[in-house]
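Chemist: turn this into a model:
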Amino acid sequence: MASEAATPADEPPVLVEDRGPVRWIWLNRPRVHNAQNLDMLEALCAALDDLERSESVRVLVLGGKGKSFSAGHDLRQSADNPRYRSNQSTAERRWRQEWQMFVQPVERVRRLPIPTICRAQGHCLAAGMMFVEACDFVVATPDSVFGSPILGPLEINDAEVPTFVRNVGVRRAKSLLWLNERLGAQEALEAGLVNWVVEHDQLDKHVEATADRLLQVSRETLELSKLSFQFLAARQGWDDFDRYHFMTHQLSHHTSPAQALYDQRLNNPSGRGGSSGKDA
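Modeler: Predicted structure coming up:
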């Protein structure tokens, strides 16, 4: 994790941009690969509030400024943010904080009635992967890397288990999660995790072209089609899987190995970096 300030004081952690009826929401902590802290997640929730009230927005593009889409949750929150650390101190407060800040924003993106496109580049790890999976379409660059360095390094049954199983199947998900493997862009394309891989200079053009094609279909037709896909997912048991897994994820925070590593990070701030920025 970079030691410099993640975002200048006058720079918002989330940017919102309208390009006609297409809304672009940008994660904006590029110096730390868009590691998600509470300020960013609260700003994202506010942006989703506004989006859900809008009748003019037809497509959402979710992207990340800088070299990466998102490297996960910000490890520094545990030591640097007193409110975050306080909420981690009891099982019920941790549960509430992670449900409200880690799970609900992803579910809100997944359940939006309008089509969603993820603009993915660089690190797409852990909590970043959850947003990648929640979108209807993913346009990635050749340097995109997908994974979740949580289960082994942090001894936590990471929240991304359903994310990977949904997209790459049970066996591949186990190797990615249990063995801390990564998927490159081409592998992610072959596995069905992303729709297209394009060069950096073509990324925005491809996203815009995809949005333009979606705009050729009425909002009502796309919304009804998306409802059918959501109905299928519910009948396949994905909602139940998500809820059950969240509880096992919470329990895993309180095992002895996970607690030992958490205490170690708090007591050794200089050593809690890492490319993922993830704090499960």
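
Chemist: count the residues that sit near Glu199.
Modeler: 11 (other Cβ atoms under 10 Å). Yep, even glycine has a C-beta here, placed from its N, CA and C like the rest.

Chemist: one more: Arg31?
Modeler: With other Cβ under 10 Å as criterion, Arg31 counts 18.

Chemist: likewise for Arg265?
Modeler: 17.

Chemist: that one and Ala258, how far apart?
Modeler: Per Cβ to Cβ, to the nearest Å, Arg265 is found 11 Å from Ala258.

Chemist: and if you look at Ala126?
Modeler: 15 Å.

Chemist: which of the two has more residues huddled nearby?
Modeler: More crowded of Ala126 and Ala258, by other Cβ under 10 Å: Ala126, with 28 against 17.

Chemist: quick check, pLDDT for that one.
Modeler: pLDDT, Ala126: 95.

Chemist: mean confidence score for stretch 233-240?
Modeler: Computed over stretch 233-240, the average pLDDT equals 95.

Chemist: okay, that stretch in PDB with CA atoms only?
Modeler: The C-alpha trace of stretch 233-240 is given here as PDB (Å, rounded to 0.1, in the frame of the first residue of the first chain):
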ATOM      1  CA  ALA A 233     -30.700 -16.500  -9.900                       C
ATOM      2  CA  ALA A 234     -33.000 -16.400  -7.000                       C
ATOM      3  CA  ARG A 235     -34.600 -19.800  -7.900                       C
ATOM      4  CA  GLN A 236     -31.100 -21.300  -8.300                       C
ATOM      5  CA  GLY A 237     -30.400 -20.400  -4.700                       C
ATOM      6  CA  TRP A 238     -27.900 -17.600  -5.100                       C
ATOM      7  CA  ASP A 239     -29.700 -15.300  -2.600                       C
ATOM      8  CA  ASP A 240     -29.700 -18.000   0.000                       C
END
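
Chemist: can you list contacts of that stretch?
Modeler: Contact partners of stretch 233-240, identified using Cβ atoms under 8 Å, 6 or more residues apart in numbering, comprise Pro162, Arg166.

Chemist: and it, what's buried?
Modeler: Trp238 (16 or more other Cβ atoms under 10 Å).

Chemist: please apply the same query to stretch 157-175.
Modeler: Those would be 157-168, 172-174, for stretch 157-175 by 16+ other Cβ under 10 Å.

Chemist: among those residues, name the ones in helices.
Modeler: Val161, Pro162, Thr163, Phe164, Val165, Arg166, Asn167, Val168, Arg172, Ala173, Lys174 (DSSP state H).

Chemist: quick check: the fifth one touching Leu176?
Modeler: Which is Val165. No: applying Cβ atoms under 8 Å, one finds Val165 not in contact with Leu176, separated by 9.9 Å.

Chemist: show me where the stretch 101-250 of the chain has helices.
Modeler: Applying DSSP state H, counting those that start in this stretch to the stretch 101-250 of the chain gives helices spanning 104-111, 127-134, 151-154, 161-168, 170-178, 185-191, 200-215, 219-235, 238-252.
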